[in-house]
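Engineer: Task: produce atomic coordinates for the following.
(one chain, ligands or ions: 2)
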Amino acid sequence: MNLKIGFIGGGNMSTAIFRGIMKSNGHPPSEIWVSGPNLSNLKHWSDSGAHITTRNDEIFNNCDIVFLGVKPDKLHVAISQCQNNAKKNTERNVLFVSMLGGITIKTLHQALRTLDNYANVSVVRIMPNTPMEVGTGVCLYSHDDIATEEQCTVLRKLLSCCGLFENIPESLMNSLGILTACGPAFMYIVIESLADGAVKLGVPRAMALRHASQVVAGSGQMVLQSGKHPGLLKDEVCSPGGSTICGVSELENGRLRATLIAALEAASQKTKNVGENKSTSKH
Ligand SMILES: NC(=O)C1=CN([C@@H]2O[C@H](COP(=O)(O)OP(=O)(O)OC[C@H]3O[C@@H](n4cnc5c(N)ncnc54)[C@H](O)[C@@H]3O)[C@@H](O)[C@H]2O)C=CC1
Ligand SMILES: O=C(O)[C@@H]1CCC=N1
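Structural biologist: Numbering: from 1, shown residues only. Ligands and ions are numbered 1, 2, ... in the order given. This next block holds a predicted model:
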């Protein structure tokens, strides 16, 4: 029998995971459910064969693995909507998988404690990224001490078709998790900027974007596959007195390295504040 997979919140990140699973035939869509306040926003799920509902309790009461994909400030309301007093099947085991940035396993347990079948709920905290949609993502995870090896294996089987699936200490979620989850946005800006540069030099936009993307993907593969330090790989491109080093010099003038480091720090600080429930608009 296939496991029933549910998503509470079917926005960008849940959709990317769903599409990644669909792309690799990782699970039949007829065994996937998603909930959200507005059914018209979930049409892309039902078009692919998944079940859609406005009721979070339907997901929680019927699914074996329940992904939580709402914004962190909706944590408590979304969980309170999982309670259905008419249905008291408290024996079911549920693997509750939260993708909420900054929200700790401890906070998740505190929120879930209000539910009737809390005793049978184990929690996995994941930090996914949107490239999971095309099978080249990263999904970091940490689990509580209730989740069984078997549950983690089932989750690994489901999500490793979307890319790298790696167990990390929860203490790294707001650092490594920031690199992997926010990093794609930073890299899209790099790709767009490289393409802009080529367009400025007269290259047609679509051609520039396609090649900028391939250069970024290829460079990442080169670091991964060659085992060489990126500084050495950079040196291998820079001929003495050549063109590339002129460009590198401009990147240093523009403080590219310092800016990327600061971007990760800012995103990490913001995520920590979300976890601590600080309502600062900046950081
Ligand atoms: N977008 C990304 O690249 C990543 C997002 N995340 C996390 O994923 C979570 C979702 O982020 P996104 O998908 O980007 O946001 P989103 O705004 O696209 O999706 C959130 C969804 O939750 C739905 N929703 C709101 N209240 C609800 C409720 N009470 N019950 C059920 N559904 C409800 C909304 O209608 C919306 O579709 C966040 O907690 C974020 O920290 C984590 C890693 C990466
Ligand atoms: O920007 C955000 O808040 C989410 C969390 C990590 C990536 N996206």
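
Engineer: from here on, contacts and neighbour counts on C-alpha atoms
Structural biologist: Will do.

Engineer: does the residue lying closest to Asn56 once chain neighbours are set aside count as helix, strand or coil?
Structural biologist: Sequence neighbours aside, Cys82 is the residue nearest to Asn56 in space, at 5.0 Å (criterion: CA to CA, 6 or more residues apart in numbering). Following DSSP: H, G, I helix; E, B strand; the rest coil, we place Cys82 in the coil state.

Engineer: Pull the number of nearby residues for the nearest residue to Gly135 once chain neighbours are set aside.
Structural biologist: Excluding the flanking residues, the one nearest Gly135 by CA to CA, 6+ apart is Cys162, at 3.9 Å. Neighbours of Cys162 under the rule other CA atoms under 10 Å: 31.

Engineer: Could you number the chain from 48 rather than 1 from now on?
Structural biologist: Done: numbering now begins at 48, and the last item shifts to Cys209.

Engineer: For Cys209, give me its contacts.
Structural biologist: Applying CA atoms under 8 Å, 6 or more residues apart in numbering, we find Cys209 in contact with 64, 67-68, 71, 179-185.

Engineer: one more time with 7 Å, if that's ok
Structural biologist: Counting by CA atoms under 7 Å, 6 or more residues apart in numbering, Cys209 makes contact with 67-68, 179-184.

Engineer: Quickly list the domain ranges of the chain.
Structural biologist: Following the assignment in automatic domain parsing, the chain carries domains at 52-216, 224-322.

Engineer: ok, and which of these has the densest surroundings?
Structural biologist: Mean neighbour count, computed with mean count of other CA atoms under 10 Å, is highest for domain 52-216 among those, reaching a mean of 19.

Engineer: Average pLDDT for it, rounded please.
Structural biologist: For domain 52-216, mean pLDDT rounds to 95.

Engineer: distance between the ends of that domain?
Structural biologist: Using CA to CA, to the nearest Å, the end-to-end distance of domain 52-216 comes to 25 Å.

Engineer: helix/strand/coil for Val185?
Structural biologist: strand.

Engineer: And Ser266, by the same measure?
Structural biologist: Under the three-state scheme (three-state DSSP), Ser266 adopts helix.

Engineer: pLDDT score for it?
Structural biologist: In this model, Ser266 carries a pLDDT of 98.

Engineer: how about Asn131, what does it touch?
Structural biologist: Shown in contact with Asn131 (CA under 7 Å, 6+ apart): Asp104.

Engineer: center of the protein - which residue?
Structural biologist: Geometric centre of the chain, nearest residue: Pro175, 2.1 Å, by CA atoms, centre = their mean.

Engineer: That one reaches Cys229, doesn't it?
Structural biologist: No: using CA atoms under 7 Å, Pro175 is not in contact with Cys229, being 9.7 Å away.

Engineer: which parts of the chain sit against ligand 2?
Structural biologist: When proximity is defined as CA under 6 Å from any ligand atom, the chain approaches ligand 2 at 148, 228-229.

Engineer: Of those residues, which are in range of ligand 1?
Structural biologist: Okay, of the residues of the chain next to ligand 2 touching ligand 1 (CA under 6 Å from any ligand atom), that's 148, 228.

Engineer: Okay, Val263 and ligand 2: tell me how far apart.
Structural biologist: According to CA to the nearest ligand atom, to the nearest Å, Val263 and ligand 2 sit 20 Å apart.

Engineer: Setting the sequence-adjacent residues aside, check what's closest to that residue.
Structural biologist: Spatial nearest neighbour of Val263, excluding adjacent residues (CA to CA, 6+ apart): Ile238 at 7.2 Å.

Engineer: Identify the residues contacting stretch 154-166?
Structural biologist: Identification of contacts with stretch 154-166 by CA under 7 Å, 6+ apart yields 123, 126, 130, 137-138.
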